[in-house]
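S.K.: Provide a 3D model corresponding to the input given below.
(one chain, ligands or ions: 1)
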Amino acid sequence: MIASAPGKIILFGEHAVVYGRHALVSAIDLRCRVEAKKCSEFRVISPLGATGLDLKVHPYITFAIKRFCDFRKIEGAEIIVKSEIPIASGLGSSAAVTVATLKALSYEFGVELDNEEIFETAKKVEIDVQGRASGIDPFISTFGGSWIFPERKKVELPFQFFLIRLWERSTKAMVEKVANLRQRYTEAVDKIFDAIDLIALKAPNCGLEEFEELIYMNQSLLRAIGVSSPEIDEIVSKLEKDGFKVKLTGAGGGGCIFGIFQNKKPDGSILVRPELEGVRIEDS
Ligand code: PMV
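M.R.: Numbers count the residues shown, from 1 in each chain. Have a look, this model is predicted:
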């Protein structure tokens, strides 16, 4: 059985959301496709390699299989992954592979899991692997759509976005960097988070021009909390000189930057749309 699940883009509110502020997050139309087949042993084949159950190469899939065994004990399965979502770029590739694996396994082995169960199980898998997680990625990947967190208020976004991939980086390291800054300047950093919070709440009601102003403001605030870098600032200013408004999405330090697409897009960027559909079974 084949299932697919979408990646995501954080439009506003990364880092601040870790400290209880709001974030605006959308599923995007880049999907991860996972095929699960009954088999006498466990095999996982993905762009990362071909392994058995392997916590180093395929931690999310391995834990997804272990967690699936809480519903139905299985002795083997072949898992084949094909993904359009770049890895370690803040676009939710880990959650998408987890969610699609759970859905494909549930259909292949005849276990009925509704979306709430898939989301809850995928969230446990994220914690198994990362130790700590907000749960935003598995939620978006399971349900699709655009949402304000933590309330889970569904919103509609009439925009298409361009994405520029920078380089891989560690979410954990960036979250720690912000925690360290906040420890030293708690009140100042909390005020920055408050401003980001207002931006995330305002954004869903904005037209194009205001949305772009908010992109500019949020990027400036991300710089203030130290998750941009001279290299990223240089790329951002070059794009601004060319007339684009862009910001980092996700943990920063690399990953991706995005802007709203209007007729022209920067060289090397890809276009994505908000995706309404979450995890689903594919015909074949
Ligand atoms: O870059 P990503 O997709 O891992 O996003 C991290 C978002 C943070 O707000 C920095 C952390 C979090 O858990 O919300």
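
S.K.: and the protein, which of its residues are near the ligand?
M.R.: Contacts of the chain with the ligand, taken as Cβ under 6 Å from any ligand atom, map to 10, 14-15, 17-18, 90, 133-134, 136, 171, 175, 250-251, 255. (Glycine included, C-beta is placed from N, CA and C.)

S.K.: can I get those in TSV with neighbour count?
M.R.: Putting these into TSV (neighbours: other Cβ atoms under 10 Å) gives the following:
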residue	neighbour count
Ile10	29
Glu14	29
His15	29
Val17	22
Val18	17
Gly90	30
Ala133	18
Ser134	15
Ile136	23
Thr171	18
Val175	17
Gly250	25
Ala251	25
Gly255	27
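
S.K.: Out of these, flag the one nearest to Leu208.
M.R.: Among these, Ile10 lies closest to Leu208 (Cβ to Cβ), at 19.3 Å.

S.K.: Packing partners of the helix or strand that closest one falls within?
M.R.: Secondary structure assigned from DSSP states H and E places Ile10 in strand 2-12. When contacts are defined as 3 or more Cβ pairs under 8 Å, 6 or more residues apart in numbering; DSSP states H and E, strand 2-12 packs onto strand 23-38, helix 93-108, helix 136-143, helix 186-202, strand 247-249, strand 256-260, strand 280-282.

S.K.: Extract the C-alpha set from that strand and format it as PDB.
M.R.: What follows is strand 2-12, C-alpha atoms only, in PDB (Å, rounded to 0.1, in the frame of the first residue of the first chain):
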ATOM      1  CA  ILE A   2       1.300   3.500  -0.800                       C
ATOM      2  CA  ALA A   3       0.600   6.600   1.300                       C
ATOM      3  CA  SER A   4       1.800  10.200   1.000                       C
ATOM      4  CA  ALA A   5       2.000  13.100   3.300                       C
ATOM      5  CA  PRO A   6       3.000  16.800   2.800                       C
ATOM      6  CA  GLY A   7       5.900  18.800   4.100                       C
ATOM      7  CA  LYS A   8       5.400  22.200   5.800                       C
ATOM      8  CA  ILE A   9       6.500  25.800   5.900                       C
ATOM      9  CA  ILE A  10       6.500  28.000   9.100                       C
ATOM     10  CA  LEU A  11       5.400  31.400   7.800                       C
ATOM     11  CA  PHE A  12       5.700  33.300  11.100                       C
END
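
S.K.: Would you list the strands that it pairs with, along with their directions?
M.R.: Partner strands for strand 2-12, per DSSP bridges, with pairing direction: strand 23-38 (antiparallel), strand 280-282 (antiparallel).

S.K.: Fine by me, we can end here.
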